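J.: Pasting the sequence and the predicted coordinates here, then a few questions.
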Amino acid sequence: MTKKIAVLPGDGIGQEIVAEAVKVLEKLQTEGLDIEMQHGLVGGTAYDATGTPLPDETLAMAKAADAVLLGAVGGYKWESLDIAVRPEKGLLGLRKELGLFANLRPAILYPQLADASTLKPEIVSGLDIMIVRELTGGIYFGQPRGVRILENGEREGFNTLVYRESEVKRIAEVAFDIARKRGKRVCSVDKANVLEVTEMWRDVVNELHKDNSDIELSHMYVDNAAMQLVRAPKQFDVMVTTNMFGDILSDCAAMLTGSIGMLPSASLNEKGQGMYEPIHGSAPDIAGKNVANPLATILSVAMMLRYSLDEAALADRIEKAVEKVLDQGLRTADIYSAGMQKVSTSEMGDAVVAAL
Ligand code: NAD
C-alpha cells in the first residue's frame with residue numbers, strides 16, 4: 001500500500017536541506033518505493049501565510065501520514081512574536097498532537113570526520129550511541145507549574161516532575177527493542193538517589209527487564225552519565241532517560257561528533273508513526289546561501305525508512321551512500337577540512353543520489 005509522507009520544510013535552511021532529502025526519496029521512488037509526498041507549511045513560514053505556525057491543514061496532513069519529514073523552524077524575523085504563535089509552537093504542537101513520546105537521537109561519528117570533534121580522535125572515532133529520550137512527559141509538561149507571588153512579595157517559580165508507570169514502561173520498551181537491533185545494551189539514566197520519581201523509573205525499568213533479559217541493562221545517575229559521555233563515550237550503546245535529562249545529554253552527545261549538520265533524529269508514537277528531522281535548527285545565519293549541510297536531513301530519511309516504512313535495506317543503502325560521499329572527500333563548509341573538496345548543499349544532495 002502506498003505510504004504517505006508529509007513533507008514540512010519549515011523555515012531558514014529547512015527549505016534547502018529538505019529539498020535534498022526529497023531528491024533522495026524521489027530517486028528511491030523511481031526504483032519502486034511506493035510513497036506519496038505531500039508538502040505543507042509549518043513554523044514562521046506558516047505564520048506568514050496563515051497567521052498560525054501550525055495550520056489545521058498541516059496538522060491533518062501530518063496525522064494522516066505514515067511519517068513526517070520536517071526541516072526546521074524559527075528565525076530572527078519571528079523572535080518578537082507572541083509566544084503562542086512563535087514558529088517553535090508549530091513543532092511542539094506536532095509533537096503533542098501526534099503523541100510522539102519517543103525521541104531517538106543517534107550520535108554517530110563517521111571515522112572520516114573524527115577531526116571535527118573537540119575530543120581526541122581515539123575517544124570518539126567510530127562512536128555510535130542511540131539516546132532514547134522520553135518526549136511528552138516529565139518536568140516539561142508536569143502540573144502545577146508557574147510563578148507565584150509569596151506573602152512577603154517574593155516571586156517563587158515552580159515546575160513538577162511527574163511520570164506514570166505506563167509512561168516509563170513504554171519508553172523503556174522502545175529502548176530494549178532498539179538495543180536488540182544494535183549492541184544489545186541499555187543504560188537507563190536517572191537521579192534515583194535524590195528524586196523519588198526516578199527511583200520509580202528505575203524500578204519499572206528493572207521489572208520490564210525481566211521480559212528482556214537478552215539485553216544487558218545498567219543504570220547510571222545523570223551527573224555521572226554526563227561525565228562518562230565526555231570521558232569514555234564509546235562505553236554506551238543505547239541510553240534511555242527522562243525528557244529533561246535526555247534534552248541535555250543528547251545535545252552533549254551530539255557535540256561529541258562536532259558536526260551538528262550530520263545528526264538525524266526520529267520521534268515516534270505508539271502506532272509507529274514518526275516525525276523525522278535533523279537535530280539542528282533553521283540556521284538563519286546561513287539560510288538561502290546553498291551552503292548548509294543536508295546530510296542530517298538525508299540521514300533522517302534513512303531513519304524514516306527503518307522505523308516507519310519498514311524498509312531497513314533502503315535505510316542501509318542511504319547510510320552507505322553518505323559514507324561513500326564522505327570517502328570521496330566531499331564536504332560542506334561545516335565539516336570542511338584542508339585537502340577535502342568543498343561542495344554546496346545541492347551538490348552534496350546530488351552526490352548522495354549518485355552514490356545510491
Ligand atoms: P541552529 O542549529 O539553527 O544553528 C547553530 C549553528 O549551527 C549556526 O551557526 C548554524 O549556521 C549552524 N548549523 C546548523 N545547522 C547546520 C547545517 N545543516 N549545516 C551547516 N551549519 C549548520 O541553532 P540556533 O542558531 O540556536 O537557532 C536558530 C533558529 O532555529 C532559532 O529560531 C531556533 O529557535 C531554531 N531551532 C529550531 C529547531 C528545530 O526546528 N527543531 C532546533 C533548534 C533551534
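T.: Structure's in. What do you need?

J.: contacts for the helix or strand containing residue 313?
T.: Per DSSP states H and E: residue 313 is located in helix 312-327. In this structure, residues lying in contact with helix 312-327 by CB atoms under 8 Å, 6 or more residues apart in numbering are 24, 28, 33, 110, 112-113, 295, 298-299, 301-303, 305-306, 348, 351-353, 355-356. Backbone N, C-alpha and C define where each C-beta goes, glycine included.

J.: For that helix, buried residues please.
T.: 314, 315, 317, 318, 319, 321, 322, 325, 326 (16 or more other CB atoms under 10 Å).

J.: between the residues you listed, which is closest to the ligand?
T.: Of all the buried residues of helix 312-327, residue 322 has the smallest distance to the ligand: 13.5 Å, by CB to the nearest ligand atom.

J.: Pick out the residue closest to the middle of this protein.
T.: By CA atoms, centre = their mean, the chain has its centre lying nearest to residue 265, at 2.5 Å.

J.: Look up how far residue 103 lies from that residue.
T.: 7 Å (CB to CB, to the nearest Å).

J.: what's the burial count for residue 17?
T.: Neighbours of residue 17 under the rule other CB atoms under 10 Å: 31.

J.: cool, residue 160 as well?
T.: 12.

J.: Could you do residue 302 as well?
T.: Count around residue 302 with other CB under 10 Å applied: 25.

J.: What's the mean pLDDT across the helix or strand encompassing it?
T.: Residue 302 is part of helix 295-307, with elements assigned from DSSP H and E. Helix 295-307 shows a mean pLDDT of 96.

J.: Would you mind getting the angle between it and helix 312-327?
T.: 160 degrees (axes from the mean of the first three to the mean of the last three CA atoms, to 10 degrees).

J.: Helix 295-307 - contacts with which helices or strands?
T.: For helix 295-307, the elements it packs on are helix 14-30, strand 67-72, strand 102-108, strand 264-268, strand 274-278, helix 312-327, helix 345-355, judged by 3 or more CB pairs under 8 Å, 6 or more residues apart in numbering; DSSP states H and E.

J.: I'd like the ones you listed as JSON lines, with distance to the ligand and mean pLDDT appended.
T.: Listed next are the helices and strands packed on helix 295-307 as JSON lines, based on distance: least, CB to the nearest ligand atom, whole Å; pLDDT from 0 to 100:
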{"stretch": "helix 14-30", "distance to the ligand": "6", "mean pLDDT": "98"}
{"stretch": "strand 67-72", "distance to the ligand": "4", "mean pLDDT": "98"}
{"stretch": "strand 102-108", "distance to the ligand": "11", "mean pLDDT": "94"}
{"stretch": "strand 264-268", "distance to the ligand": "9", "mean pLDDT": "96"}
{"stretch": "strand 274-278", "distance to the ligand": "6", "mean pLDDT": "97"}
{"stretch": "helix 312-327", "distance to the ligand": "14", "mean pLDDT": "96"}
{"stretch": "helix 345-355", "distance to the ligand": "8", "mean pLDDT": "98"}
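
J.: Turn the ones you listed into TSV, including distance to residue 49.
T.: Output for the helices and strands packed on helix 295-307, formatted as TSV (distance: least, CB to CB, whole Å):
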stretch	distance to residue 49
helix 14-30	13
strand 67-72	16
strand 102-108	28
strand 264-268	25
strand 274-278	20
helix 312-327	31
helix 345-355	24
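
J.: Now residue 239: phi and psi?
T.: With angles defined as degrees, to the nearest 10, residue 239 sits at phi -110, psi 140.

J.: What's the separation between it and the ligand?
T.: Separation of residue 239 from the ligand (CB to the nearest ligand atom, to the nearest Å): 20 Å.

J.: Equivalent analysis for residue 203, please.
T.: With CB to the nearest ligand atom as the criterion, residue 203 and the ligand are 33 Å apart.

J.: Also residue 302?
T.: Using CB to the nearest ligand atom, we find residue 302 at a distance of 16 Å from the ligand.

J.: tell me the strands in the stretch 51-200 of the chain, going along the chain?
T.: 67-72, 102-108, 128-134, 146-149, 155-158, 185-190 (DSSP state E, counting those that start in this stretch).

J.: among the ones you listed, which is the most enclosed?
T.: Among the strands of the stretch 51-200 of the chain, ranked by average contacts under mean count of other CB atoms under 10 Å, first place goes to strand 67-72 (a mean of 28).

J.: name the helices or strands packed onto that strand?
T.: Going by 3+ CB pairs under 8 Å, 6+ apart, strand 67-72 lies up against strand 3-10, helix 14-30, helix 87-98, strand 274-278, helix 295-307.

J.: Within the sheet, what are the partner strands of the following helix or strand past the longest one, with directions?
T.: Towards the C-terminus, the helix or strand next in line after helix 14-30, according to DSSP H and E, is strand 35-39. Here the strand partners of strand 35-39, with direction, are listed using DSSP bridges: strand 3-10 (parallel).

J.: Name the SS class of residue 270, please.
T.: Secondary structure, DSSP: H, G, I helix; E, B strand; the rest coil: residue 270 is coil.

J.: The stretch 101-250 of the chain: helices as residue ranges?
T.: Using DSSP state H, counting those that start in this stretch, the helices assigned to the stretch 101-250 of the chain run over residues 121-124, 165-180, 196-209, 222-231, 243-256.
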